[in-house]
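[1] based on what follows, work out the 3D shape:
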Amino acid sequence: MMKLSNKGFTLTEVLVAVAILAFSLCGILLTYINMFIWSDLSRDFTLATNAVQAKMEEVEKAGFSCLDTSHCNGCNCPSLTSCPSFRDGCTFDITGFAGSNAKGVISVAATDYPDLMRVRIVASFKSRNRVIGEDNNLNGVLDAGEDISPANTRLDSPIEMVTLVSR
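    Model prediction:
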């Protein structure tokens, strides 16, 4: 007669092992999904940074004589095809985003030196239904309730470049 051996896993051991496996797979899946989200955000940051840098190069190429400190009230920035006048507050659309989900704003300010102007370009954009930057409605103007840090009364964003342009 043949004797049966009891060398196997109990049902409890199998259920515990499956629960540990399921918990581990959920963690891996969550990490995988988050990497897609971070990848999209990284792409959008790169698009906005490149657009701001390109606009800053246009401003520097246009030169000191094309900078105007009078406020623009949200008008669109010129291109370099004509004699541009970059005014304080002029806006530009950032390409690569769906619809008009990205806007850049140029700030031109005089300094203590008459031959030196300060140019600041800020970009706000929408990435995965979340606005990056303070311009919540993406109109290029600091509206009531948009200034997170009320002490500075200006648009702020992680995408920001500042330079000085001399005569």
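
[2] when you work out contacts or count neighbours from here on, use the C-alpha atoms and nothing else.
    Will do.

[3] mind checking which helix or strand F92 is in?
    strand 91-93 (DSSP states H and E).

[4] which is the next helix or strand following that strand?
    strand 102-110.

[5] please name the strands paired to that next one in the sheet, noting orientation.
    Here strand 102-110 is paired, per DSSP bridges, with strand 91-93 (antiparallel), strand 116-127 (antiparallel).

[6] F45: how many residues sit nearby?
    F45 has 19 neighbouring residues, counting by other CA atoms under 10 Å.

[7] ok but it is inside a strand, no?
    No: under DSSP: H, G, I helix; E, B strand; the rest coil, F45 sits outside any strand and is assigned helix.

[8] hang on, it packs against S157?
    No: counting by CA atoms under 8 Å, F45 sits too far from S157 to count as a contact (10.9 Å).

[9] torsion angles phi and psi at V52?
    phi -70, psi -40 (degrees, to the nearest 10).

[10] so how far is D115 from it?
    24 Å (CA to CA, to the nearest Å).

[11] where along the protein do the strands fall?
    67-71, 86-88, 91-93, 102-110, 116-127, 130-132, 159-166 (DSSP state E).

[12] out of these, nearest to V59?
    Proximity to V59 (CA to CA) singles out strand 86-88 among these, at 7.2 Å.

[13] the closest one pairs with which strands?
    strand 67-71 (parallel).

[14] in the partner strand, what's buried?
    L67, D68, T69 (16 or more other CA atoms under 10 Å).

[15] show the model's pLDDT score for P158.
    At P158, the pLDDT value in this model is 88.

[16] ok, the nearest residue to it once chain neighbours are set aside - contacts?
    In space, and not counting its chain neighbours, P158 is closest to G133: 6.5 Å by CA to CA, 6 or more residues apart in numbering. By CA atoms under 8 Å, 6 or more residues apart in numbering, the residues touching G133 are A123, S124, F125, L155, D156, S157, P158, I159.

[17] for G133, phi and psi?
    Per degrees, to the nearest 10, the backbone of G133 is at phi 110, psi 170.
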